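Enquirer: fold the following, please.
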Amino acid sequence: MGRFDEIYRRSLDEPEAFWAEAAAAIHWAEPWDRVLDDSRAPFYRWFSGGRLNTCHNALDRHVDGGRAHQPALIYDSPVTETVRTFTYRELLGAVARFAGALSAQGVERGDRVVLYMPMVPEAVISMLACARIGAVHSVVFGGFAANELASRIEDAEPKVVVSASCGIEPGRVVAYKPLLDAAIELVEAKPERCIVLQREELEAELDPARDLDWRDAVAAAEPTPCVPVEATDPLYILYTSGTTGQPKGIVRDNGGHAVALEWTMKHVYDVEPGEVYWAASDVGWVVGHSYIVYGPLVHGCTTVLYEGKPVGTPDAGAFWRVISEHGVSTLFTAPTAFRGIRQQDPGGEHIGRYDLSRFRALFLAGERCDPETLGWAEERLGVPVIDHWWQTETGWPIAANCLGIERLPVVPGSPTRAVPGWDVRVLDESGHERPAGEIGALAVKLPMPPGSSPTLWNADERFRDTYLSAYPGYYQTADAGYIDEAGYLFVMARTDDIINVAGHRLSTGAIEEVLAAHRDVAECAVIGVADELKGQVPVGFLVLKAGVERPEAEIVDEAVQLVRERIGPVVSFKTAAVVDRLPKTRSGKILRGTMRRIADAEEYGVPATIEDPAALEEMREALRAIGYARTAAVAP
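Expert: Model (predicted):
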């Protein structure tokens, strides 16, 4: 039995001893009463009775422990031509002072603060400042439109919103303040105050009755010490798409989260304190929370905050420049980034222009990594390329090649083995385990390890219904796949209508709600089709109301624009087709899965419950007209 097998087996056989040992790496204000609290199963909690402060573990203890002058955060922004470094002492000073600014606005332990920020140091400072005073932050990705921001403000009911005047994309400036103002107009429970960071690229107009300039707020503030909180208190809420279009507020606790992320930095990513670690993601997504902000800082690393793109800022060598200039040892990004780099620089010429001697591992996650992209990266970079699998709900990897324990052979198409702590099973529709190699629903035997979401914000029953009801005793991942004879896990597809666009989980139901609001649309459907660059992109189908005689192209253009306005450009919704009808079962269910298989030129069967088989042929012709379904065939 190898070292990985020994550690994995112990994590399942003796979970309390295993995680108690891991928790010794965290500073606790008070020790816990119970490592695993199962008193409200299936709502399990870790380290009940323990008290700590996540910001103290990320900053103060490192300043006190000899890392005061080590770089903590490197801000690299090719879109503004800025590089700025914060030492641990400097970052602590900025965080403590902004924590004071929040306190001055009445923010206390347990209050919520919504952050609607671009990739600037102040976003990280705001997150850590909330953690410092025990407030619960909820970061909303800056690319979301006003109504998406409004739904999150409505659910979280923040006392304060922290935002910026604008975000900066290659070739354009995105004004945030009008979107924030529009969102606040839409909600009933309005925040008491907005603190706005003015960026020189675009200054926002502030409402003197509600808005406060970031610099003024900080100048008037006193540094604030850490407030110890319960290990089971929420650190943050992160909203993810729900199948109904209503966002789900994933809750992350303080104690289990700190323990799990500290453990993964060494055991999964094989990074030592003091090394430079870079997650090329956004703080609006879970990767940004776990591995731009909390994981690296709790572990004592230097973390990189990158405001740019993999290509176009200025070219396909952008990632290699950052790695070279800052001495990055480990990069974590999405396969879609590498597909974009490969598309622009298939021969890898840019790689040779930079010194990558300190770079030793690439981790990919966000959607399934296709073997071609993995092979290209391995060949061009000459370092381990590790596909790994996790979700917003889990907070850290479910399956990975744990380089800090034992480097296992890479199998293209697989994120390797389940990580210690995760008991992954493949189940059939009745909840029985499937044999090795057979596809089924991927589920995790309860309790899930520390750091996973204990519930949804103010919605225990929705958490139970969404994740725990399909297979009692298990967490339903909503992914399908199989485990082979060697224990390697293969994630094949989603089992619901969530699609994965460049690593961003988006709901087709939410897009359909927008399309259905168009005045000429009677019925619609959205499916995720395979895309070489982004993994998946949404494609819409519109059935028009009787009597509509306007040009179809005009209606499609309006529908695309409507989705862009109401959900945001991040959804990458660019293609739709007008059709006479949608293929359905006799009970009225739209056959989205069959439509997707036709679009992706996969073999498909005609469901026995179909209302009219001719509707599938009509759909195939509609898909061909927009560039899909070139070779799709009916299964014999």
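Enquirer: now the element after the lowest-mean-pLDDT helix or strand in the chain, going C-ward?
Expert: Within the chain, no helix or strand scores below strand 504-507, which has a mean of 66 by mean pLDDT, DSSP states H and E. Using DSSP states H and E, the next helix or strand after strand 504-507 towards the C-terminus is helix 508-516.
Enquirer: packing partners for the helix or strand where residue 235 lies?
Expert: According to DSSP H and E, residue 235 maps onto strand 234-240. When contacts are defined as 3 or more CB pairs under 8 Å, 6 or more residues apart in numbering; DSSP states H and E, strand 234-240 sits against helix 121-133, strand 136-139, helix 146-156, strand 248-253. For glycine as for every other residue, the C-beta is placed from the backbone atoms N, C-alpha and C.
Enquirer: residue 451: neighbour count?
Expert: By other CB atoms under 10 Å, 27 other residues sit near residue 451.
Enquirer: can you check residue 39 too?
Expert: Around residue 39 there are 9 residues (other CB under 10 Å).
Enquirer: state the distance from it to residue 338.
Expert: 45 Å (CB to CB, to the nearest Å).
Enquirer: and residue 61, by the same measure?
Expert: 35 Å.
Enquirer: check residue 267 too.
Expert: From residue 267 to residue 338 the distance is 24 Å (CB to CB).
Enquirer: helix/strand/coil for residue 266?
Expert: helix (DSSP: H, G, I helix; E, B strand; the rest coil).
Enquirer: name the nearest residue to it, ignoring sequence neighbours.
Expert: Nearest residue to residue 266, sequence neighbours excluded (CB to CB, 6 or more residues apart in numbering): residue 404, at 4.8 Å.
Enquirer: hmm, that neighbour is touching residue 272, no?
Expert: No: look at residue 404 against residue 272 with CB atoms under 8 Å: they stay out of range, at 9.3 Å.
Enquirer: hmm, who's touching stretch 37-49?
Expert: 19, 23, 30-36, 230-232, 253, 255-256, 259, 446-450, 454-455, 460, 463-464, 468, 473 (CB atoms under 8 Å, 6 or more residues apart in numbering).
Enquirer: can you point out the buried residues in it?
Expert: Neighbour counts over stretch 37-49 (16 or more other CB atoms under 10 Å) mark 37, 42, 43, 44, 45, 46, 47, 48, 49 as buried.
Enquirer: PyMOL command to pick out the buried ones of the contacts of stretch 37-49?
Expert: Buried subset of these, written as a PyMOL selection, criterion 16+ other CB under 10 Å:
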select buried, resi 19+23+32+35+36+230+231+232+253+255+256+259+446+447+448+449+450+454+455+463+468
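Enquirer: which ones among the contacts of stretch 37-49 map onto helices?
Expert: Among the contacts of stretch 37-49, the ones falling in helices (DSSP state H) are 19, 23, 255, 256, 259, 460, 463.
Enquirer: and the furthest pair within the residues you listed?
Expert: For the ones in helices among the contacts of stretch 37-49, with distances taken as CB to CB, the pair at the greatest spread is 23 and 460 (25.4 Å).
Enquirer: residue 332 reaches residue 280, doesn't it?
Expert: Yes: when contacts are counted by CB under 8 Å, residue 332 is listed as touching residue 280 (7.0 Å).
Enquirer: ok, back up a step: between residue 61 and residue 338, which is the more surrounded one?
Expert: With neighbours defined as other CB under 10 Å, residue 61 and residue 338 compare such that residue 338 has more, 23 against 18.
Enquirer: pretty sure that one sits against residue 373.
Expert: Yes: Residue 338 lies in contact with residue 373 (CB under 8 Å); the separation is 5.2 Å.
Enquirer: now for the two: what residues contact both?
Expert: residue 364.
Enquirer: residue 445: neighbour count?
Expert: Using other CB under 10 Å, residue 445 has 14 neighbouring residues.
Enquirer: so what's it bridging to?
Expert: residue 474 (DSSP bridges).
Enquirer: OK, contacts around it?
Expert: The contact partners of residue 445, by CB under 8 Å, 6+ apart, come to 423, 424, 425, 473, 474.
Enquirer: beta partners for the second one?
Expert: Here residue 424 sits in beta bridges with residue 444, going by DSSP bridges.
Enquirer: from residue 449, how far off is it?
Expert: According to CB to CB, residue 424 and residue 449 sit 12 Å apart.
Enquirer: same question, the last one
Expert: For residue 474, the distance to residue 449 (CB to CB) stands at 14 Å.
Enquirer: type out the ChimeraX command that picks the buried ones from the contacts of residue 445.
Expert: To isolate the buried ones among these in ChimeraX, judged by 16+ other CB under 10 Å, type:
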select :423,424,425,474
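Enquirer: farthest pair within the contacts of residue 445?
Expert: The most distant members of the contacts of residue 445, if one measures by CB to CB, are 424 and 473, lying 13.6 Å apart.
Enquirer: and the helices in the stretch 301-450 of the chain?
Expert: Along the stretch 301-450 of the chain, counting by DSSP state H, counting those that start in this stretch, helices occupy 318-326, 335-344, 371-381.
Enquirer: between the ones you listed, which one is nearest to residue 593?
Expert: Evaluated with CB to CB, those place helix 335-344 nearest to residue 593, the distance being 22.9 Å.
Enquirer: what does that closest one rub up against?
Expert: 280, 309-311, 315-316, 319, 364, 366-370, 373-374, 376-377, 387, 502-503, 532-535.
Enquirer: low-confidence ranges, the stretch 351-500 of the chain, go.
Expert: 367-368, 493-499 (pLDDT under 70).
Enquirer: at 50 what do you get?
Expert: Applying pLDDT under 50 to the stretch 351-500 of the chain picks out no residues at all.
Enquirer: where along it do the strands fall?
Expert: Taking DSSP state E, counting those that start in this stretch, the strands of the stretch 351-500 of the chain run over residues 361-364, 385-387, 399-400, 417-418, 424-427, 440-445, 474-483, 489-494, 498-501.
Enquirer: okay if I get the ones you listed as TSV plus distance to residue 566?
Expert: As requested, the strands of the stretch 351-500 of the chain are exported to TSV (distance: least, CB to CB, whole Å):
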stretch	distance to residue 566
strand 361-364	31
strand 385-387	33
strand 399-400	35
strand 417-418	38
strand 424-427	36
strand 440-445	32
strand 474-483	24
strand 489-494	23
strand 498-501	16
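Enquirer: follow-up on the earlier one: among the contacts of helix 335-344, name the buried ones.
Expert: By neighbour count, with 16+ other CB under 10 Å, the contacts of helix 335-344 hold 280, 309-311, 316, 319, 364, 366-370, 373-374, 376-377, 387, 502-503, 534-535 as buried.
Enquirer: low-scoring stretches of the protein, by residue?
Expert: Residue ranges of the chain with pLDDT under 50: 587, 632, 636.
Enquirer: from the rest of the structure, what touches the helix ranked longest in it?
Expert: Assignment by DSSP H gives helix 88-104 as the longest helix of the chain. Here helix 88-104 makes contact (CB under 8 Å, 6+ apart) with 55, 59-60, 62-63, 67-73, 86, 113, 121-122, 124-126, 128-130, 132-133, 135, 160, 195, 217-218, 220-225.
Enquirer: just the buried ones from those residues, in ChimeraX syntax?
Expert: Remark: buried members of the contacts of helix 88-104, expressed as a ChimeraX selection using 16+ other CB under 10 Å:
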select :55,59,60,62,63,67,70,71,72,73,86,113,121,122,124,125,126,128,129,130,132,133,135,160,195,217,218,221,224
